[in-house]
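**Q** Sequence below, structure please.
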Amino acid sequence: MKLMIFVIIINSVSVSECWDCGGGFFTRGLVFILASPSSDRYQINKSCSVHDNQYDVIEYYESIRRYPPFYPFDRRESDAEFTRCLEKCPSRYTQTVVRYGYDAMVYVNKVVTETWNKIKRAFGF
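**A** Numbers count the residues shown, from 1 in each chain. The predicted structure is shown next:
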């Protein structure tokens, strides 16, 4: 377990300049490790970056309780577009392992974010 944490930290530090997928230090390293065996890393990173940017915009407008008319995505549509992008990758590994692994991470992130937002609202943060 300690070795895995060390590998994640080292990978996160070493890829921080070229890998733009994931919402934070730990997540960035974890998704990089998942995508490492794939030959589609560039396309995965590009798709993931777009997905992360969409989430940033969605979260910003949710925080101010307004929705821009020019932005057609909600979280579900953004996730579906991200999945379609991964399905288009030529590598079978990306189409299966990366896609389902990322889907699982997106779902966990969604649950954690929703739970955290409920806690913040309940305590008036």
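**Q** helix, strand or coil for the residue most central in space within the chain?
**A** Centroid check for the chain by Cα atoms, centre = their mean gives residue 22 as the closest residue, at 4.6 Å. Here residue 22 is recorded as coil under DSSP: H, G, I helix; E, B strand; the rest coil.
**Q** count of neighbours near the residue nearest to it when sequence neighbours are not counted?
**A** In space, and not counting its chain neighbours, residue 22 is closest to residue 28: 3.5 Å by Cβ to Cβ, 6 or more residues apart in numbering. Any C-beta I mention is one placed from the backbone N, CA and C, and that applies to glycine too. Residues near residue 28, counting by other Cβ atoms under 10 Å, number 22.
**Q** And the helix or strand residue 28 falls within, what's buried?
**A** Here residue 28 sits within helix 25-35, counting by DSSP states H and E. In terms of neighbour count (16 or more other Cβ atoms under 10 Å), helix 25-35 has its buried residues at 27-35.
**Q** Give me the helices and strands touching that helix, please.
**A** In terms of contacts (3 or more Cβ pairs under 8 Å, 6 or more residues apart in numbering; DSSP states H and E), helix 25-35 is packed against helix 2-15, helix 41-63, helix 99-123.
**Q** In terms of pLDDT, where does residue 68 sit?
**A** Looking at residue 68, its pLDDT stands at 64.
**Q** And the one 10 residues further on, by the same measure?
**A** pLDDT for residue 78: 88.
**Q** need the contact list for the residue nearest to it when sequence neighbours are not counted.
**A** Excluding its sequence neighbours, the residue lying closest to residue 78 (Cβ to Cβ, 6+ apart) is residue 54, at 4.2 Å. For residue 54, the contact set (Cβ atoms under 8 Å, 6 or more residues apart in numbering) comprises 73, 78, 81.
**Q** what's the distance between residue 54 and residue 116?
**A** Distance, residue 54 to residue 116, by Cβ to Cβ, to the nearest Å: 19 Å.
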